Every structure is written in structure tokens, then in C-alpha cells.
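1. Structure of the sequence below:
(2 chains)
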2 protein chains.
Amino acid sequence: MMEYKDFCHYSGLFSVASYEQKETMTNSVTHFDYSHVMAMESRKRAQLINSLGGFKSVCLIGTIDGVAAANVAIFNSIFHIGANPPLIAFIVRPDSVDRHTLSNILETGVYTINHLNEHIYKQAHQTSARYAKEISEFDATGLTPEFKHEWKAPFVKESRIQMGVEFKQRIDIALNGTIMVMGEIKHIYFPSDCLCVDGFIDIEKANTITCSGLDSYHTTHRLGRLSYAKPDSFPSLVSLTYEINELG
Amino acid sequence: MMEYKDFCHYSGLFSVASYEQKETMTNSVTHFDYSHVMAMESRKRAQLINSLGGFKSVCLIGTIDGVAAANVAIFNSIFHIGANPPLIAFIVRPDSVDRHTLSNILETGVYTINHLNEHIYKQAHQTSARYAKEISEFDATGLTPEFKHEWKAPFVKESRIQMGVEFKQRIDIALNGTIMVMGEIKHIYFPSDCLCVDGFIDIEKANTITCSGLDSYHTTHRLGRLSYAKPDSFPSLVSLTYEINELG
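-> Predicted coordinates:
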């Protein structure tokens, strides 16, 4: 715990600005070291460390169990693994309500991943409440299960970008008992006017939102798309060209 | 490839809106299935599948090699693993410039993770160019290496949220040859006025940005923080209370 003895330890809020450079208050920098973080109250530490992960992909994952009861739960640790084959992953915490999602995926082999938008973020957040296993979060939160193309797991009808995913592998992370779940994307649904000619889907135009920490939700505003980086030039802004002209 | 024979296959841009419900053009939904995705040209597929991962945590990772040459590279697959201990991970693609980062981490055992902001996103993007191993991306892009608190790896001075991270584990993902790198957060630096009393760091206030796809960068606008979800109530908006009053 005290392996960084040469560093200043926590005594309230510790600012390094005083000895790094003279700055105004609004530019002061706080430094926390490992021993400070480990000494924090656990929920405060969870808020802090979750914030450091940056803006996250937050989605609703839809599943069914063996008797076709529908379940939906929010996850904020979705990440891209690769495009060929199209693989996507997320992290499950074993001590959480996420367990219903994991057990359903292991039982049926399929699930859906559905982007959040501004109109459903409160319902989406509410799916993280500890409902009993027999209660469907769809019913409890007012989200609508949508079954299509014979995919066994429910999509979230109110979501504008939806994926049907087939379970591929679980990796147990011994360091803290979490589980990484990987799957292959088998079906994709998205608003037709959001597809660009180079394959990019404009998820901002589709109203997809992001989150930070455990409970903060954010819309986005594009700074720009940048050209492919090459050593002999600097990146330039690239305009978006949609497959479908906005005027139809 | 043709396992979904009962679904319509690709012929240009395929919309399911016509048989799902009558909708206006702007509400039409495009459906791609697995065989369509796998038949796409590889860069187009990469753009498409990377978009589906949602808004991502995009950061600069700073390393040094055995002779203390500094390296910095952009990664858009950073994700939270857990808060106790504080673990963070990212994905490395073996066929990319990311390899310098990985070999340096394996050699020295330490690295830094630095959030992006609007002022450095072009330089950050440029670090993905295929520079020769002997060229420092710091020199090539104009970013500034910052060494502090005896941490061996360089922080990015222009970044407002920085972490010193110690390598813990690599997990090779057999499904596509990518590598997951996990580390423990040992040092945290952030603007003092961004810390809330509950431990949440307001990364939007710190000007942290997000990305989508391979090359699209976005600022954010908070919809709100939501209260902890409980089965018997609906989430409400929570106001942010900072440790340091904005008026000093």
C-alpha cells in the first residue's frame, strides 16, 4: 500500500500545482497516488476510477432465458475487438444484476446489443436496479422488446442502432473476478440515412449517446472526421458523404 | 457465409422498412446480415464495425523503450475493468503501429494513459501514422513528453487527465489475434476543479473528448447524472457538487 513513500500522501485534497508551477486556481492539478486511491471509501473509489476510463460505449443488452422470459440490462463497458470477423465484447461484474444477462447468454447462445439515445436513457439506467429474476426489465421500465428475423433474443424497439450477436467466448479475468464476454455480430439495424459511402455509420446523427463514470449521460457534437494518418502529412478534416442524400 | 438463407441478402443498400412498417424515408431502417458484412471490402467493413461499438474512450498511451526513447500512440479501445484494485485495459492489434507500445510495455512494465481534448485531437490522431521505430511520435506530432514523480513512462503534458499505469497481464484473444493489455492505475492527475464530492471526476468539464468509428472525434454535452437505480423508484437527475467551489 505504501510503495510510493517518496510521494505526498492524502490529506484532504492534495494539489501538486504549488510545486510544479504557479498557476491560477482553475488550472491547479490534483495528484492521487495508489495508496490514496486504495484508502478511499469503496463507492467513492468506484466513482473515481470509473470516471478515468473516459467516455464509454453504453448499450442495452437483450436476452431471453430457457423459458423465453425477456431480460434487458445496461452495460457501459462495450468495446470493439475486430472487424473481420465482426467481434464485440463487454465486461460482466459477477456481483451484479448483470448475472441474469450472462446466464441467459450462456443458456441460449444469443443476445442483442442496442445503442442508447436521449429518449430512453432514463429507462436504460433503470434496468440496473436489482429486480428479481422473474421480473422483466422491459415491463418494469417501459422499454419494448422487439423480435425480428427469427433472432431468439429481444432487440430494444426504441433503440435506433441494434445488433444481433452470437456468443463466442468468455474469458475470466483472475485479477478481479470479472468476466469478458465476446460475440460475433450477425445482424445490424441502423437508420438508413446515417450510413456513409465509406462504411462509417454516423452514430451521432442516429442520436446515440455516451456515458461517463457510473451515471452521467452525454450527447455529442462532432469536431470532425480526420483523414488516415501518414508520416509525411498532417491529418485534415474529411467531410461526411452519406449513401442516401438527405433530400431523398 | 450463407447460414441465414431465409434472410434477404445484400443487393446494394437493403432497407427493411418496406415490410416492417410504412415509414417516411428519414425513418427507414437498413438491415445488414452476417453474409453481407463479410462480403464487404475490408476497409469499408472496418469503418462499419468500428462505428457499431458506440462512442469510445480514446486516449494517448505513453511508453519508453529500454534505451529511454519516448513513444506515444492513440488507442480507441480503452475500457474500465474494475475499481478495487483500479484496473484499466485496452486492445492492441498485432498488425499495427500499436506494436511499439506493446513491446515497450512488456520491456519496462509501465505506461501512461492520457485523455484527449479538443486542442490535441489532431496531433493525437497523427500518432497513428506508421512512423519508423526510431522516430518519437512526440517529436513528429508536437506533443510534449512530461516526466514526473519518478514514473519511467512519459505523460502527455497537453492532456488534462493523466494516469501512470503498471502492466499486470496480457490476454491473447485467439478469435482474431488481438491482445488485451491490463494494468493497474498507480498515479492519477486531473484538474482540481473537476472532482465531485462523491469521487466522480467531471471529464466533460476537463474537456475530455470521445470518438466514434476510426476517425470521428466529438465533444460532449451532459444530459444529466442519474440517481442510483432501485426497483421501487425511477431515476432522478442529480446535481453535481464539486470539491472546490468554482468561485474558489
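
2. Report the residue spans of chain A with pLDDT below the cut-off.
-> Applying pLDDT under 70 to chain A flags the ranges A:1-26, A:95-98, A:245-248.

3. Helices along that one, start to end?
-> Using DSSP state H, the helices found in chain A span residues A:17-20, A:34-39, A:42-52, A:98-108, A:121-126, A:137-141.

4. Pick the most deeply packed of these.
-> Highest mean neighbour count among these (mean count of other Cβ atoms under 10 Å in any protein chain shown): helix A:121-126, with a mean of 24. Where C-beta positions appear, they are placed from N, C-alpha and C, glycine not excepted.

5. Work out the gap between that helix and the centre of the chain.
-> Centre-to-centre, helix A:121-126 and its host chain are 14 Å apart (Cα atoms, centre = their mean, to the nearest Å).

6. Spell out whether that helix and chain B are in contact.
-> Yes: using Cβ under 8 Å from any Cβ of the partner chain, helix A:121-126 reaches chain B at A:121-122, A:125-126.

7. coming back round to it: can you add distance to residue B:70 and give the helices of chain A back as TSV?
-> Formatted as TSV, the helices of chain A follow (distance: least, Cβ to Cβ, whole Å):
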stretch	distance to residue B:70
helix A:17-20	19
helix A:34-39	23
helix A:42-52	22
helix A:98-108	39
helix A:121-126	40
helix A:137-141	48
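
8. Quick one: residues contacting the nearest residue to residue A:229 once chain neighbours are set aside.
-> If you skip the residues right next to it in sequence, residue A:229 has residue B:129 as its closest partner in space, 4.0 Å away by Cβ to Cβ, 6 or more residues apart in numbering or on different chains. Contact partners of residue B:129, counting by Cβ atoms under 8 Å, 6 or more residues apart in numbering or on different chains, are A:229-231, B:97, B:140.

9. Nearest to residue B:27 among these?
-> Comparing these against residue B:27 with Cβ to Cβ places residue A:229 closest, at 36.2 Å.

10. Just to check, residue A:29 is in contact with residue B:187?
-> No: counting by Cβ atoms under 8 Å, residue A:29 does not reach residue B:187; the two are 11.6 Å apart.

11. Which of these two has more residues huddled nearby?
-> residue B:187 (22 against 17; other Cβ atoms under 10 Å in any protein chain shown).

12. Give me the nearest residue to the more buried one, chain neighbours excluded.
-> residue B:164 (3.5 Å).

13. Now for the one you found, how many residues are close by?
-> Using other Cβ under 10 Å, residue B:164 has 27 other residues around it.

14. next one: residue A:120
-> Number of residues near residue A:120 (other Cβ under 10 Å) recorded here: 24.

15. Quick check: it touching residue A:144?
-> No: Residue A:120 is beyond contact range of residue A:144, at 9.8 Å (criterion: Cβ under 8 Å).

16. What are the boundaries of the strands in chain A?
-> Assigned by DSSP state E, chain A shows strands spanning A:29-33, A:59-64, A:70-75, A:78-83, A:86-92, A:110-115, A:145-146, A:155-156, A:162-173, A:178-191, A:210-212, A:216-226, A:237-238.

17. The first one and chain B in contact?
-> If I follow you right, that is strand A:29-33. Yes: if you take Cβ under 8 Å from any Cβ as the test, strand A:29-33 does meet chain B, through A:29-33.

18. what's across from the spatially closest residue to residue A:75 that is not a sequence neighbour in the sheet?
-> Excluding the flanking residues, the one nearest residue A:75 by Cβ to Cβ, 6+ apart is residue A:90, at 4.9 Å. Here residue A:90 sits in beta bridges with residue A:78, residue A:181, going by DSSP bridges.
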